[in-house]
Structures are given as C-alpha cells and as structure tokens.
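Peer 1: Give me coordinates for this.
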Amino acid sequence: MSAIDDAPLRVLAVDDEEPALEELLYLLGKDPRVGSVVPASAATEALRRLSAAARSGADGFDVVFLDIDMPGLGGLELARLLGGAAAPPLVVFVTAHEDFAVRAFDLKAVDYLLKPLREERFAEAVRRVAELVRAGQGPRPAARAAAGPGPAPAFGDHVPVELGGVTRFVPVADITYVEAHGDYARLHTRDASHLVRIPLSALEEQWRARGFVRIHRSRLVALGRIEELRLDGGNLTVRIGDRVLAVSRRNARELRDLLARHAAAAP
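Peer 2: You can find the predicted model right below:
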C-alpha cells in the first residue's frame, strides 16, 4: 500500500444549518481516518472551494459530506454538477429526509445518512469512503497523478460562473462563442458574457462533441449558432447575432466541411 493510498481523507462538509454543520465537523474531527475538513454553509460556497482547489493546483477533496435540502442550489443538483468533473469526489449525503434516497444512489452516492446522526453509522460511512479511496475508486489517484497545476475543470450541461459574489449556472446550450483570455475564457451568450478560469484548448476538447469548433486561435464558435458565412476579398468571416468574427485561413477548410455536414444532417 502506498503512502498516498493510506493518506488521511480530505473532506468537504456542506450544510446550510449551523448546528448540523457543527455536528458534522465534530464527528469528522473524531475519526482518525480523516485528515483535513473544510466547511461550507451553502452549495455555491462548496463549488467555490472546489474550484479554488482546482485552480491552485492543490490536492482536491476525496469526499463531500453533503446536505440535500438547502436554499438555492440543493445537494442533489450539486452532486450532479460534480459528476461531470474529470475526477469527481465521492459523495455521502446527510439529510433529514428519507424520500431522496433513490435519487441519491442514482447519482452514485457512497452512502445516505439520516439525521440525527448516529456515531456508529457515521463511522461506517467514513470506512466505506476510505476503502473506496484506498482501492483507487475515489479521485485520489487522478488528483495526485502529477505535480503542478491540476486538470482543467470539466463541465456538464451547465457552467458555474461568478457574478458579484453569486454563482450562476449558464447552460452550455446558450453559449454562442468563446474567446481566449490567457488562462481564462470568456463565454458569450445572446445577452451577456462570463469569464471563467479554463484555457480555450480545454474547452475545445470538452465541447467538440457539442458542436463547438475553433475558427481562430483565440475563438470557438457553436456551429449551430452561425447565421452567415461570408468570403470577402479572400477573408472568411462568420456572423453570430450582431457579431462578425474572423476565421483564420488555417481553420477555414475544417469550418466549411463541418458546416456542410451540419447542413446535410439537418432535418
């Protein structure tokens, strides 16, 4: 067994009710298999902490102990978002409601704990998590595979973006094109734009199957959002809404081929 496999668990504990969160922290702190514990009082705060760990290149979390019934973004929705990550943490739900169990296990939860928590039952959940991580079924091998910055975050159907201290979830289907800004990317929709910390190359790889194509070294466009293709004086451009975007010579042939196939496949 390697030192990494036997390392103490890194835990994110999420509950919007302070007494419940304090009890969760107390029980986690008593367990010798648990190393670091980071609290979060809302799902959006949990997302910020997860994103901060990914951006800094620090080790991520092995498991999230997660309440379900929270205002705004609930625990089930957060777990669904986490499931789209390249190396998602394990999830243990902690709730006062029995009727979410089926949905929780559909999301591949490790365990489902009912409040009020019993120490023996809680310890059993931690044991399951530790065994899964030790067996390589948690995020640890992927999270510690290499030194340096961690992998770019993977997005599902929605992209979390920060706006004035509030996390919003922008549907990928609403994004018309993306511009590179160094290690960041600016996502454009019909009526807004949002800056996220992920390289354009990572989005190109993730969203190729969603119909996004590179038209320039600094731009991706959603193929289905192109309203006009224009050749003027040897320069190719596309129009998306009221924006006209240049297409590089290097990307022009691929774009034309993709548009032709897209048009042929349309009903």
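Peer 1: Show me the helices in the chain, by range?
Peer 2: Per DSSP state H, the chain carries helices over the ranges 18-30, 43-56, 75-82, 101-106, 119-134, 140-143, 200-207, 249-265.
Peer 1: Skipping adjacent residues, who's closest to residue 39 in space?
Peer 2: residue 13 (5.2 Å; CB to CB, 6 or more residues apart in numbering). To be clear about C-beta, it is placed using only N, CA and C from the backbone, and glycine gets the same treatment.
Peer 1: now the one you found, which residues is it bridged with?
Peer 2: Assessed by DSSP bridges, residue 13 has beta-bridge partners residue 39, residue 65.
Peer 1: State the pLDDT value of it.
Peer 2: In the prediction, the pLDDT value recorded for residue 13 is 96.
Peer 1: right, and it touches residue 41 too?
Peer 2: No. With contact defined as CB atoms under 8 Å, residue 13 does not count as touching residue 41 (9.7 Å).
Peer 1: Those two - which one has more neighbours?
Peer 2: Taking other CB atoms under 10 Å, residue 13 and residue 41 do not tie; residue 13 has more neighbours (27 against 16).
Peer 1: what's near enough to touch that one?
Peer 2: If you count contacts by CB atoms under 8 Å, 6 or more residues apart in numbering, residue 13 has them with 21, 24, 25, 28, 37, 38, 39, 40, 64, 65.
Peer 1: Just checking, which helix or strand of the protein averages the lowest pLDDT?
Peer 2: helix 140-143 (a mean of 48; mean pLDDT, DSSP states H and E).
Peer 1: Okay, now the unreliable bits of the stretch 101-250 of the chain?
Peer 2: In the predicted model, the stretch 101-250 of the chain carries pLDDT under 70 at residues 138-156, 163-166.
Peer 1: Could you pull out the strands in it for me?
Peer 2: Here the stretch 101-250 of the chain has its strands, by DSSP state E, counting those that start in this stretch, at 111-114, 158-163, 166-171, 177-181, 184-188, 193-196, 212-216, 219-222, 228-232, 235-240, 243-247.
Peer 1: Nearest to residue 260, out of those strands?
Peer 2: Between residue 260 and the strands of the stretch 101-250 of the chain, the shortest separation by CB to CB is 10.4 Å, and it involves strand 228-232.
Peer 1: Centre of the chain to that closest one, how far?
Peer 2: Distance, stretch centre to chain centre, for strand 228-232: 36 Å (CA atoms, centre = their mean, to the nearest Å).
Peer 1: For it, which outside residues touch it?
Peer 2: Contacts for strand 228-232 (CB under 8 Å, 6+ apart): 236, 237, 238, 239, 244, 255, 256, 259.
Peer 1: If any of those are buried, give me the PyMOL selection for them.
Peer 2: Only the buried entries of the contacts of strand 228-232 go into this PyMOL selection, using 16 or more other CB atoms under 10 Å:
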select buried, resi 236+238+255
